[in-house]
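S.K.: what would the 3D arrangement of this be:
(one chain, ligands or ions: 1)
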Amino acid sequence: MRKNKAKTKTELKKLINDWAQEIKVTPKQIRVQQMKHKWASCSTSGWISFNFDLLSKSKKFQDYVIIHELLHLQIPNHGKLFKSMMNIFFPDWEKYESSF
Ligand SMILES: [Zn+2]
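M.R.: Coordinates of the predicted model:
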């Protein structure tokens with residue numbers, strides 16, 4: 001797993017791909033773009049978009065947003081299963097939840 005934070009769009013996409021492999025999900029397309037109100041979003045067709053401003057955030061926060069959104073490709077809600085998956089891949093998730 002990469003330890004350095006992503007500082008460019010390319011590095012962020014690489015980090016997203018690394019996590020996708022780890023979580024075993026396959027996003028159809030990954031976009032990094034300006035977003036006004038959200039850190040990330042996903043569509044039912046398997047597209048995920050990440051906010052360009054993530055590049056200025058900490059590695060931990062980047063990981064959190066990436067894992068959260070990638071898990072939505074498998075689990076569309078924030079139910080029990082979603083939480084137990086977050087516990088596996090990002091045990092600190094509750095600390096970051098409010099900032100999402
Ligand atoms: Zn969510």
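S.K.: just the helices in this structure please.
M.R.: For the chain, the helices defined by DSSP state H occupy 9-23, 59-71, 80-89, 93-97.
S.K.: out of those, nearest to K38?
M.R.: K38 lies closest, by Cβ to Cβ, to one member of the helices of the chain: helix 59-71, at 9.5 Å. Heads up, the C-betas are built off the backbone N, CA and C, glycines and all.
S.K.: residue contacts, the most centrally placed residue in the chain?
M.R.: When Cα atoms, centre = their mean is applied to the chain, the residue found nearest the centroid is I66 (1.1 Å). Counting by Cβ atoms under 8 Å, 6 or more residues apart in numbering, I66 touches L15, I16, W19, A40, F50.
S.K.: let's go with 10 Å and repeat that
M.R.: 6, 12, 15-20, 23, 30, 39-40, 48, 50, 54, 89-90 (Cβ atoms under 10 Å, 6 or more residues apart in numbering).
S.K.: now do K7
M.R.: Counting by Cβ under 10 Å, 6+ apart, K7 has contacts L55, S56.
S.K.: show me how far the helix or strand of the chain with the lowest mean pLDDT is from its chain's centre.
M.R.: In the chain, no helix or strand scores lower on mean pLDDT, DSSP states H and E than helix 93-97, which sits at a mean of 88. Helix 93-97 sits 13 Å away from the centroid of its parent chain (Cα atoms, centre = their mean, to the nearest Å).
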